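Enquirer: Below is the structure, and that's it, no one-letter string:
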């Protein structure tokens with residue numbers, strides 16, 4: 001085992017923890033989050049995980065990479081003792097949300113809403129209303145957002161690039 005504070009097998013063990021979407025979905029229900037920003041006529045959506053042990057998030061990152069999801073690097077959060085890994089590419093957000101959806105409980109409405117917005121079934125204002133309702137119900141932490149774009153994702157993206 002060696003003389004280090006962490007076991008030699010820690011890095012490989014964390015990679016083995018996540019063998020299925022159901023296991024990852026359970027962790028996402030507890031310590032994952034749907035992050036979003038209103039950007040004019042569109043909403044940028046990210047899925048993220050935080051933890052204080054970097055190898056743990058590296059294991060999640062490897063799980064995602066092996067399944068076609070493109071996460072960012074594991075980074076230390078500014079002015080924090082925790083690490084953060086973010087999935088921001090829309091194709092990866094959609095794949096990850098759809099893959100975890102059958103297994104999540106607490107964040108089910110959030111992932112349904114993410115998928116619905118990315119697939120153009122709801123507009124930005126409807127997206128924000130659902131997220132605000134989740135905050136009011138205590139299912140989600142964060143501030144209430146005043147508004148979202150009235151456009152659906154596909155139209156918002158199209159207009160964003162043609163203005």
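Expert: The structure has been received and is ready for your questions. None of these values were measured; they are calculated from a predicted model.
Enquirer: can you pull out the helices in the protein?
Expert: Ranges of helices within the chain are 10-17, 21-31, 54-66, 90-100, 108-118, 124-137, 153-162, based on DSSP state H.
Enquirer: Does anything pack onto the third one? Which helices or strands?
Expert: Counting contacts by 3 or more Cβ pairs under 8 Å, 6 or more residues apart in numbering; DSSP states H and E, helix 54-66 is packed against helix 10-17, helix 21-31, strand 42-51, strand 83-87. (C-beta placed from N, C-alpha, C; glycine too.)
Enquirer: before we move on, back to that, between the helices of the chain, which one is nearest to residue 147?
Expert: For those, distance to residue 147 was read as Cβ to Cβ. The smallest value, 6.4 Å, belongs to helix 124-137.
Enquirer: Using neighbour counts, pick out the buried residues of that closest one.
Expert: Across helix 124-137, burial judged by 16 or more other Cβ atoms under 10 Å covers 124-132, 134.
Enquirer: And stretch 22-36, by the same measure?
Expert: 24-29, 32-34, 36.
Enquirer: From the rest of the structure, what touches it?
Expert: 17-18, 43-51, 60, 63, 86, 100-107, 110-111, 114, 127, 131, 140 (Cβ atoms under 8 Å, 6 or more residues apart in numbering).
Enquirer: Now, of those residues, which are buried?
Expert: Listed as buried from those are 18, 43, 45-49, 51, 60, 63, 86, 100-101, 103-104, 107, 110-111, 114, 127, 131, 140; burial here means 16+ other Cβ under 10 Å.
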